[in-house]
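**Q** I'll drop the sequence and a predicted model, then ask my questions.
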Amino acid sequence: MIKKIDHIAVAVKDVEKAAEFYEKVLGLELGGIEEVEGMDVKVGFIPIGDTRIELVQPLDPKSGVAKFIEKRGEGIHHICYEVDNVKEALETYKERGAILIDETPRKGAHNSLVGFIHPKSTGGVLTELTEHLEES
Ligand code: ZN
């Protein structure tokens with residue numbers, strides 16, 4: 001059901017500033033920056049082969065990512081797996097004991113559906129599932 005690691009998200013205070021390490025030190029390229037509606041975050045995408053690093057900057061101090069940084073500092077925020085069908089995956093993992101943050105999929109960046117699994121049931125790793133929708 002899981003196809004690959006879609007991205008690893010890193011919580012940062014400033015996308016452009018954080019991207020400097022990836023560009024100047026690692027020699028990677030920032031592929032683009034997008035503000036994700038409804039999630040109050042600004043995301044910088046750094047493609048690496050078939051997957052990518054996402055630098056996630058909170059735009060609202062009350063958002064989950066802002067609270068994460070406040071509590072734990074900047075660092076890895078979540079891992080995202082690509083699946084064929086987020087709705088089915090959420091249902092299956094729930095049956096297998098996962099505690100869901102999203103009972104149903106919601107809209108993510110880049111024309112995708114996403115759903116989150118609570119770190120309480122994953123060994124401390126906030127886990128995201130994503131499904132890429134066809135461009136219409
Ligand atoms: Zn993500």
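**A** That came in fine, so what should we check first?
**Q** secondary structure element for Lys17?
**A** Using DSSP states H and E, Lys17 sits within helix 15-20.
**Q** err, Glu34, not the other one
**A** Here Glu34 is assigned to strand 32-36, by DSSP H and E.
**Q** what pairs with the very next helix or strand once past that strand, and is each one parallel or antiparallel?
**A** Using DSSP H and E, the helix or strand that follows strand 32-36 in sequence is strand 41-48. Sheet partners assigned to strand 41-48 using DSSP bridges are listed as strand 32-36 (antiparallel), strand 51-58 (antiparallel).
**Q** Going along the chain from the longest one, find the next helix or strand for me.
**A** Past strand 51-58, heading to the C-terminal end, the next element that is a helix or strand (DSSP H and E) is helix 64-72.
**Q** Next, the angle strand 51-58 makes with that following helix.
**A** 80 degrees (axes from the mean of the first three to the mean of the last three CA atoms, to 10 degrees).
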